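1. take a look and give me a structure for this.
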Amino acid sequence: MYEIETEDIIKAQNGSNEEMSKIVQKNSGLIWSIVNRFANRGYSKEDLYQIGCIGLIKAIKRFDINFNVKITTYSVPYIIGEIKRFIRDDGPIKISRSVKELTYKINEIQRRAINENGEELGILELAKKLNVEKEEIVVALESSKKLESIDAEIYDEDNGGESKIARITTNKDESNTIIDKLCVKELISGLEGREKQIIILRYYKDKTQTEVAKMLGISQVQVSRIEKKILMEMRKQIA
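-> Predicted coordinates for the structure are as follows:
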């Protein structure tokens, strides 16, 4: 993978189309490695590659040479984000009308609950009130969450304000690691309600299969079978 020199970045940021094109061309391998993770989505790889190029260009324009991170590592979230945005806005990954309607009903119930009791209802209570499965509630709640920007500012007492991307550290190229992590998140976001719950509870909340089974009202054997199936499918897609 070609590492971009600081002077080349500055030239591209100052409007050199020739330098920008050279940077994109020499980092085409990085873009293709990300494009390949989005295969079988109903779009040609060439189209996704062009979208990925836009992401790289955006990253280059916004890159601060004072960041303690390589431009290739910095670019990965932009390339993936641009491709995901294209697929979401143009393709099958759209929120259905039924999910939107359910989300609206949930918001109305929660608003009334806060006004009356000072607190929101839980997933099981919402499912009972709306006469739907709890998995449908989870999907609706997930769909209403805002996308987080990697440029969003984080504040803490020690470091003050800084963007999320600025916290990507190290002096080595972590692009492959970041690609894997973001692709795993992408795969998890595409899971059905109960499947997503199981993976999040098991691998992000450190719950045992028995604990997950009790929380979801199913058997430990069912949790084990579903988890195994999900992991096998995810491995195939990441490979």
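
2. please enumerate the helices of this protein.
-> 6-13, 17-26, 28-35, 45-62, 71-90, 97-117, 123-130, 134-143, 175-189, 193-203, 209-216, 220-238 (DSSP state H).

3. can you flag the weakest of those helices by average pLDDT?
-> Lowest mean pLDDT of these: helix 175-189, a mean of 62.

4. how's this protein carved up into domains?
-> Domains of the chain are assigned by automatic domain parsing as 6-93+146-190, 97-143, 191-239.

5. need the helices of the chain in TSV (columns: mean neighbour count).
-> Where C-beta positions appear, they are placed from N, C-alpha and C, glycine not excepted. TSV is the format used below for the helices of the chain (neighbours: other Cβ atoms under 10 Å):
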stretch	mean neighbour count
helix 6-13	16
helix 17-26	15
helix 28-35	18
helix 45-62	18
helix 71-90	20
helix 97-117	13
helix 123-130	15
helix 134-143	19
helix 175-189	16
helix 193-203	18
helix 209-216	16
helix 220-238	14
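
6. looking at the chain, which residue lies furthest from center?
-> E116 (35.3 Å; Cα atoms, centre = their mean).

7. check the gap between I199 and E192 for me.
-> Computed as Cβ to Cβ, to the nearest Å, the I199 to E192 distance reads 11 Å.

8. overlap in contacts, these two.
-> Both I199 and E192 lack any common contact, where contact means Cβ atoms under 8 Å, 6 or more residues apart in numbering.

9. was I right about M215 contacting T208?
-> No - under the criterion of Cβ atoms under 8 Å, M215 makes no contact with T208, lying 10.6 Å away.

10. isn't A12 right next to K26, touching?
-> No - in this structure, A12 is not within contact of K26 by Cβ under 8 Å, at 11.8 Å.
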